[in-house]
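[1] coords below, sequence missing:
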């Protein structure tokens with residue numbers, strides 16, 4: 001899979017050229033999709049992707065631009081899941097946030113994981129590298145608890161007090177570590193010992209700022225630790241996507257401006273700084289593709 005050409009869903013002009021890429025221009029959908037959208041908008045996108053993408057086994061990693069578009073992983077996982085046996089697909093998500101929060105207006109970049117966990121072909125979703133307070137007790141009520149309780153979802157976190165999960169009988173759904181080194185070692189060991197067809201979704205906000213810069217609050221994962229996890233997934237990856245590019249944008253939709261501000265998102269970036277961060281992002285994307293190709 002990883003030797004196949006990468007796909008660029010070009011929504012925000014943030015992704016530099018990648019060798020052998022299939023680039024699909026989608027800038028006209030940016031406002032409708034960015035941060036969040038109604039289910040009808042997502043269904044329309046899924047149909048467009050089905051019409052324009054080759055079969056999932058004939059293309060490589062899909063790059064989607066800003067982490068504001070991480071909910072596009074939902075239709076991509078669904079494409080990869082089609083035709084698989086029930087509860088046969090594992091989904092591993094690198095993310096500084098759980099992306100399993102309540103959202104009453106459709107789906108957004110912080111709520112899509114629940115939708116993926118509901119797919120009958122998906123056995124379990126592991127969200128790894130969380131350092132965000134989104135899974136702390138102050139935000140416990142915002143998390144969708146059903147997939148956690150059902151064993152369909154597990155959080156792997158560093159430095160967050162998740163003691164509230166034990167009060168609700170959800171302790172098995174929370175794996176908490178002292179640091180990202182311990183987390184990466186434990187996850188790599190589990191992935192080797194429990195091989196399964198795996199869809200991998202990477203939001204680069206999981207990485208420490210010295211690795212790559214994004215416009216969301218970032219985690220602590222190092223590139224070497226991510227590579228350890230990728231190596232453990234050697235021969236298991238059946239589909240993958242990457243978000244977390246950095247781009248400047250002002251929402252035309254008032255509720256998106258308000259919600260993104262509440263989430264602490266920074267989309268107003270100095271042009272010189274933006275160019276520097278995007279150059280670092282591009283170099284990281286190229287390394288990431290090399291890592292993926294090596295692990296196969």
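    Nice, thanks for sending it over. Because the structure is predicted, anything quoted here is derived from the model rather than measured. Residues are numbered from 1 along each chain as shown.
[2] centre of the chain to the longest helix seen in the chain, how far?
    Longest helix of the chain, by residue count under DSSP state H: helix 271-295. Mean-position distance between helix 271-295 and its chain equals 16 Å (CA atoms, centre = their mean, to the nearest Å).
[3] and what of stretch 15-24?
    For stretch 15-24, the distance to the chain centre is 19 Å (CA atoms, centre = their mean).
[4] pull the residues that contact it.
    5-10, 52-54, 59, 63, 65, 245, 278, 281-282, 285-286, 289 (CB atoms under 8 Å, 6 or more residues apart in numbering). (C-beta placed from N, C-alpha, C; glycine too.)
[5] weed out the non-buried ones from those residues.
    Listed as buried from the contacts of stretch 15-24 are 6-10, 53, 59, 63, 65, 245, 278, 281-282, 285, 289; burial here means 16 or more other CB atoms under 10 Å.
[6] run through who's touching the helix or strand where residue 261 lies.
    Residue 261 belongs to helix 254-262 when assigned by DSSP states H and E. For helix 254-262, contacts defined as CB under 8 Å, 6+ apart pick out 34-36, 68, 105, 108, 250-251, 267.
[7] returning to that earlier point: quick one: mean pLDDT for the longest helix of the chain?
    Mean pLDDT, computed over helix 271-295, is 94.
[8] and it, what's buried?
    Buried, per 16+ other CB under 10 Å, within helix 271-295: 274, 277-278, 281-282, 284-285, 288-289, 292, 295.
[9] could I get the full set of strands for this protein?
    Ranges of strands in the chain, per DSSP state E, are 7-10, 22-25, 36-37, 62-63, 89-94, 107-108, 122-130, 153-158, 174-177, 198-203, 237-243.
[10] quick check: which of these is nearest to residue 77?
    Relative to residue 77, the nearest member of the strands of the chain by CB to CB is strand 198-203, separated by 5.2 Å.
[11] strand partners of that closest one, parallel vs antiparallel please.
    strand 89-94 (parallel), strand 237-243 (parallel) (DSSP bridges).
[12] quick one: contacts of that strand?
    With CB under 8 Å, 6+ apart, strand 198-203 has contacts from 67, 70, 73, 76-77, 80-81, 89-97, 99, 191, 226, 230, 233, 236-244, 288.
[13] so for stretch 15-30, mean pLDDT?
    Mean pLDDT, computed over stretch 15-30, is 97.
[14] likewise for stretch 94-110?
    Per-residue scores along stretch 94-110 average to 96.
[15] can you pull the buried residues of that stretch?
    94-101, 103, 107-110.
[16] cool, and stretch 189-204?
    Per 16+ other CB under 10 Å, stretch 189-204 contains these buried residues: 191, 197-204.
[17] how far does it sit from its chain's centre?
    13 Å.
[18] what about it, how long is it end to end?
    End-to-end distance for stretch 189-204: 22 Å, by CA to CA, to the nearest Å.
[19] correct me, but residue 7 touches residue 65?
    No. With contacts counted by CB atoms under 8 Å, residue 7 stays clear of residue 65, the gap being 11.9 Å.
[20] any regions of the stretch 151-296 of the chain where pLDDT drops low?
    Across the stretch 151-296 of the chain, the ranges flagged by pLDDT under 70 are 263-267.
[21] now the buried residues of stretch 94-110 as CSV including distance to residue 25?
    Listed next are those as CSV, based on distance: CB to CB, whole Å:
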residue, distance to residue 25
94, 27
95, 26
96, 29
97, 28
98, 31
99, 26
100, 31
101, 30
103, 27
107, 23
108, 23
109, 21
110, 26
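[22] and the two most separated of those?
    Most distant of the buried residues of stretch 94-110, by CB to CB, are 94 and 103, 21.0 Å apart.
[23] residues in contact with the spatially closest residue to residue 102 that is not a sequence neighbour?
    Counting by CB to CB, 6 or more residues apart in numbering, residue 142 is the residue found nearest to residue 102 once chain neighbours are left out, at 5.4 Å. If you count contacts by CB under 8 Å, 6+ apart, residue 142 has them with 101-102, 134.
[24] could you measure from residue 142 over to residue 153?
    14 Å (CB to CB, to the nearest Å).
[25] now do residue 51
    31 Å.
[26] so which of these two has more stuff around it?
    Just comparing residue 51 and residue 153: by other CB atoms under 10 Å the higher neighbour count belongs to residue 153, 27 against 7.
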